[in-house]
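Need the 3D shape of this:
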Amino acid sequence: MKKRIYSKDISFGDIDARHEILARDERKQQLFLDSFFLPPSLNIDKLRNGERFLVCGPKGSGKTACLRYLQNQLDKNKNSKSKFIVFRDDVTTQDREKIIGLSKIRLYETQPDDESDEHDPLAMDCLSAWQLFIHREIADIISRSHDFCAKTPDVLGYIKLLNSFFSQYRTGVFKKILQSITKGRIKISGFGQGFEAEAEFIDRHGNIDVSEFVRYCNGIVTNLDFNAELSDPRINIFFDELNISFVSGLDFRQNAVLIRDLVSACGTLNSKFSEHSLPIFIYTAIRSEVADSVESSVRELKKWIDDQAEFVDWYTPRTDYNEQPILGLLNRRIAANEHRQLGLSEIPNEIEWNLYFDPKVGNIPFQNFLLFETWGRPRDLVRLFKSVTPHLEDHERFGGRSFAFGAKSYSKSCWDEKHDELNAKYPQSAIETIKRFLHNFDGTFSRSQFETRVIQISGSDPRAKQFFNDRNLDVFLEDLYKVGILGNILKSKKGGSYPSYLYTGLTTFNAHDVMCVHRSLWKELGLTNSQKLQSKPKRK
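Next up is the predicted model:
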C-alpha cells in the first residue's frame, strides 16, 4: 500500500496567502510555493511579460496568491526590484486625503473654480495624483538600489522632489524647494552636487500644476539609463486589496473614484513604459464585486478590465466536477504535504484520493460535495478544512462525520465572508437586515414567497421597511446571486432538479424561477428545505 500521511496532519494553508509567503518559517513559505496552482483561465506569463497588468476575481479566489507568487518568481533574479503595496494598509489616510485633494484643484495652492464641485466625487479626477504616487514608489526603489541605473542629477532631483512632496509639502524641505523657484527653474542641493532644472509645473508663487508635475516625472523615467551590465533589470510594483466598503454615499463614491483612477494610472503608466521599452511593470488585483460596485458608481473601469485583466475562475464549463481546477489545487496541496512529510524526492503528480477521503459524503461524491460547499474558491476550501480537521481521529479520512462536526463553524465563517462581499455595495445596517430576511426562512423559495416574507418582517421592523423603499426587489436578489448567496433551481435532463450558481456556470439569474440559498450558509441562517433535490449531475 502507498505511504500516506494522516489526513489530520495535512496543512491546507492560511485563509490569507500573504501570511504564508511572508511567514518567518521558511518551510511554510516553501509549502506555499510548492502548492501553488492556477486555473486554466489565468495565464501568468501574460502578467510576467507585461501583456496584462490586472488580476480580477471574486473574494477568496487567489488573487493575492497569484501576485505574491509572481513577485517571488520575478525576484529570483537579483536584478528584479519589487515593491508590494496593500491598498488597505499601505496607502495611508494621509495619502488618500492628499490624492483626493489633488483631484479637486489643478494648482495645488489655489481653490477650485466651482465651489459646488468641491465635495462632488463625480467631479474628482485622481489620475494624475495616483501617477505621482506610483512615481514615488519607483523613486524609492531607485534610491535604494546602488548600481541599478545611473543616478544623474535629474534622477536625484526626481527622487528628492517626490519624497518631499508626499512627506512634507507645506513645511520643511519642500517649502524650501518652493522658495528656491526662480522664473520656472528649480535648484536643489544636498546630493553632493547641485541640481537645477526647468520647473514648468511650479509657478512663481510656488503653486504646483499636478498634470505638469506628472509630465516632468514621466520625462525623467523614460530617460532612465539602466545598467547594461545587469542581467534583465526590472522594477515591479504590486497593488493588492483594492477594497471598498459602504460607509456613506459620499465616502463610497470617493473611494470608488480612488480605485477607478488607481487602475487607470497603472494602465496609463504601463502603456508609457512599454512604449519606451522600459523594464517597469505595475500590477493590480481587484475583486470582481468591487469592480462591479465601482463601475456602477463612477463608470470607466470596465474598459481596463476587458482589455488588461487576467481572470481567476475556478469553474470550467462542460467539464466533469471531479476534473474542476479547484480539485487540481487540492491535489497539489496534498501532494506537496506528502513530499515534505514523507521525504519524497519530488512532488507527486497525483495523489490517491481514497487515502484521504471517503468516496461519498452522505450520498454525494466527495468531489461534488467539495465543489459545492466551497463555491469553488481556494479560501473557502482552506476555511472548510480548518473547520473540519480538528474533528478527525488519527487514522480517519475526511468524510460525513467530520464534515458534519465542522459544519456549524464553517457556515458562520462563510456568512462572515459573504457579509464582507455585500459590504462592497451595502452598509452594515442593511446587511443585518438582509440576514434577517433570510434567517429561519426556506432554503428554496419563489419570488412571491420571498416578497411575502419581506412584507411580514417589514410590518414590525421599520429598518426592514426602509430597506426596500428605494430598492428594487429583483435587483436586490440579483445582488445576492452575484456574491454566491443565491442560485436558481434548474431541471436536469432526467427530470430531476439541482441547484446552480454563478460560480458553476449560471450566467443568467432569474428571480422568477425557483431560487435557493447556498447550502453552506444554512446552518448560520437556520434554514430548512421543503423541496427535495437530487444529487448534482456530473456535467453542466
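
how about low-confidence regions in this protein?
Low-confidence segments of the chain (pLDDT under 70): 1, 92-93, 98, 100-124, 167-208, 244-250, 296-299, 530-540.

and it, what are its domains?
Following automatic domain parsing, one gets these domains for the chain: 1-38+313-416, 42-311, 423-540.

Dump the ones you listed into TSV; add mean neighbour count as well.
To be clear about C-beta, it is placed using only N, CA and C from the backbone, and glycine gets the same treatment. Below are the domains of the chain laid out as TSV (neighbours: other CB atoms under 10 Å):
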stretch	mean neighbour count
domain 1-38+313-416	18
domain 42-311	18
domain 423-540	16
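
Against which helices or strands is the helix or strand hosting Asp307 packed?
Here Asp307, judged by DSSP states H and E, is contained in helix 302-308. Judged by 3 or more CB pairs under 8 Å, 6 or more residues apart in numbering; DSSP states H and E, helix 302-308 is in contact with strand 54-57, helix 249-275, helix 288-298.

Contacts made by it with the rest, please.
52-54, 56, 263-264, 267, 286, 291, 295 (CB atoms under 8 Å, 6 or more residues apart in numbering).

Angles on the backbone of Phe226, please.
phi -70, psi 150 (degrees, to the nearest 10).

Go ahead and confirm it touches His276.
No: using CB atoms under 8 Å, Phe226 is not in contact with His276, being 11.6 Å away.

which residues sit in contact with the closest residue to Gly362 other than its chain neighbours?
Residue nearest to Gly362 in three dimensions, not counting chain neighbours: Gly400, with 5.7 Å by CB to CB, 6 or more residues apart in numbering. By CB under 8 Å, 6+ apart, the residues touching Gly400 are 358, 360-362.

Looking at those, spot the one nearest Pro39.
Distance to Pro39, by CB to CB, is smallest for Val361 among the contacts of Gly400, at 23.3 Å.

partners of the closest one in the sheet?
With DSSP bridges as the criterion, Val361 is bridged to Ile364.

sec struct for the nearest residue to Leu392 once chain neighbours are set aside, please.
Nearest residue to Leu392, sequence neighbours excluded (CB to CB, 6+ apart): Lys8, at 4.0 Å. Three-state call for Lys8 (DSSP: H, G, I helix; E, B strand; the rest coil): helix.

picking up where we left off before, I'd like the contacts of Gly400 laid out as a markdown table, including distance to Trp415.
Putting these into a markdown table (distance: CB to CB, whole Å) gives the following:
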| residue | distance to Trp415 |
| --- | --- |
| Asp358 | 27 |
| Lys360 | 26 |
| Val361 | 21 |
| Gly362 | 22 |
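
and the two most separated of the residues you listed?
Asp358 and Gly362 (10.0 Å).

first vs last residue of stretch 38-51, how far apart are they?
The first residue of stretch 38-51 is 18 Å away from its last residue (CA to CA, to the nearest Å).

residues in contact with that stretch?
With contacts defined as CB under 8 Å, 6+ apart, stretch 38-51 is touched by 52-53, 55, 62, 66, 69-70, 73-74, 270, 274, 281, 283, 310-314, 316, 325-326, 328.

same deal with stretch 64-71?
Residues outside stretch 64-71 that contact it (CB under 8 Å, 6+ apart): 16-18, 21, 32-33, 36, 38, 42, 44, 47-48, 55, 82, 84, 236, 238, 240-241, 283, 285, 312, 378.

Quick check: strands, which of those residues are part of them?
Among those, the residues falling in strands (DSSP state E) are 55, 82, 84, 236, 238, 240, 283, 285.

what sits against the third one?
Phe84 makes contact with 67-68, 71, 238, 240, according to CB under 8 Å, 6+ apart.

Tell me the one of the residues you listed nearest Asn423?
Using CB to CB, those come closest to Asn423 at Asp240, 18.1 Å.

what sits opposite that closest one in the beta ladder?
Beta-bridge pairing for Asp240 (DSSP bridges): Val86.

show me what contacts it?
Counted by CB under 8 Å, 6+ apart, Asp240 has contacts 63-64, 67, 84-87, 284-285.

how close does it get to Arg24?
20 Å (CB to CB, to the nearest Å).

With Leu521 instead?
According to CB to CB, Leu521 stands 35 Å off from Arg24.

just Ile235 next, same as before
Taking CB to CB, one finds Ile235 at 27 Å from Arg24.

Which stretches in the stretch 1-150 of the chain count as strands?
Secondary structure of the stretch 1-150 of the chain (DSSP state E, counting those that start in this stretch): strands at 54-57, 80-86.

can you check the stretch 351-500 of the chain too?
360-361, 364-365, 444-445, 486-491, 497-500.

all helices of the stretch 101-250 of the chain, in order?
Counting by DSSP state H, counting those that start in this stretch, one finds helices in the stretch 101-250 of the chain at the ranges 127-143, 153-167, 172-179, 210-222, 249-275.

Ok, which of those comes nearest Asp479?
Closest to Asp479 of the helices of the stretch 101-250 of the chain, according to CB to CB: helix 249-275, at 14.9 Å.

Next, the contact list for His439, please.
His439 neighbours (CB under 8 Å, 6+ apart): 525-526.

ok, now how distant is it from Leu527?
From His439 to Leu527 the distance is 8 Å (CB to CB).

re earlier: save the strands of the stretch 351-500 of the chain as a markdown table, and put in distance to Lys418 too.
Listed next are the strands of the stretch 351-500 of the chain as a markdown table, based on distance: least, CB to CB, whole Å:
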| stretch | distance to Lys418 |
| --- | --- |
| strand 360-361 | 22 |
| strand 364-365 | 22 |
| strand 444-445 | 18 |
| strand 486-491 | 10 |
| strand 497-500 | 16 |
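
now for the ones you listed, which one comes closest to Glu97?
Within these, the stretch nearest Glu97 is strand 486-491; the backing value is 38.2 Å (CB to CB).

Name the residues that touch the closest one?
Applying CB under 8 Å, 6+ apart, the external contacts of strand 486-491 come out as 444, 477, 480-481, 497-502, 504, 506, 509-510, 513-518, 531, 533.

That one pairs with which strands, and in what direction?
Sheet pairing of strand 486-491 (DSSP bridges) gives strand 497-500 (antiparallel), strand 515-517 (antiparallel).

Go through those and name the closest to Ile434.
It is, among these and with distance given as CB to CB, strand 515-517, at 11.6 Å.

Now the element after the closest one, going C-ward?
helix 522-525.

helices or strands next to that next one in the packing?
On a contact count with 3+ CB pairs under 8 Å, 6+ apart, helix 522-525 meets helix 400-422.

Give me the distance between the helix it packs on and the centre of its chain.
21 Å (CA atoms, centre = their mean, to the nearest Å).

now it and helix 288-298, what's the angle there?
20 degrees (axes from the mean of the first three to the mean of the last three CA atoms, to 10 degrees).

Numbering from 185 from now on, please.
Renumbered: residue one is now 185, and that last one reads helix 584-606.
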